[in-house]
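Engineer: pasting the structure only:
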């Protein structure tokens, strides 16, 4: 889970980069809660996924990785949630 800082209010967009390597297939989901996912991406081998300025109205973003055939690898997440300030 990634949260926006406490000084922020009115979240409105997000930039998200997910990169890494796995030795098979996996599923990476992200969303507004740990049970409600906005999007899922199937990962394989080397991956580089970049979402620029997604409409995002939550102050948190939850991530869930599900290995399908992969048994090892690494994942890097760079997530920035943008909002107005108080």
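Structural biologist: Perfect, I can see it now. Just so it is clear, the model here is predicted, and its values are computed rather than measured. Residues are numbered from 1 along each chain as shown.
Engineer: okay, which residue is most central for the protein?
Structural biologist: residue 30 (4.7 Å; CA atoms, centre = their mean).
Engineer: leaving out the residues flanking it, which one is nearest to that one?
Structural biologist: Leaving aside its sequence neighbours, residue 30 sits nearest to residue 63 (CB to CB, 6 or more residues apart in numbering; 5.1 Å). Bear in mind the C-beta positions are built from the backbone N, C-alpha and C, glycine included.
Engineer: is it true that that neighbour touches residue 32?
Structural biologist: No: if you go by CB atoms under 8 Å, residue 63 and residue 32 don't touch, sitting 11.6 Å apart.
Engineer: next one: the residue nearest to residue 30 from residue 10, what distance?
Structural biologist: 23 Å (CB to CB, to the nearest Å).
Engineer: and the two? Which one has more around it.
Structural biologist: residue 63 (17 against 11; other CB atoms under 10 Å).
Engineer: secondary structure element holding that one?
Structural biologist: strand 60-67 (DSSP states H and E).
Engineer: that strand pairs with which strands?
Structural biologist: Using DSSP bridges, the strands paired with strand 60-67 in its sheet are strand 2-3 (antiparallel), strand 8-31 (antiparallel).
Engineer: mean confidence for that strand?
Structural biologist: For strand 60-67, mean pLDDT is 94.
Engineer: and the next element down the chain from that strand?
Structural biologist: Defined by DSSP H and E, the subsequent element after strand 60-67 is strand 73-85.
Engineer: quick one: distance of that following strand to the chain centre.
Structural biologist: 7 Å (CA atoms, centre = their mean, to the nearest Å).
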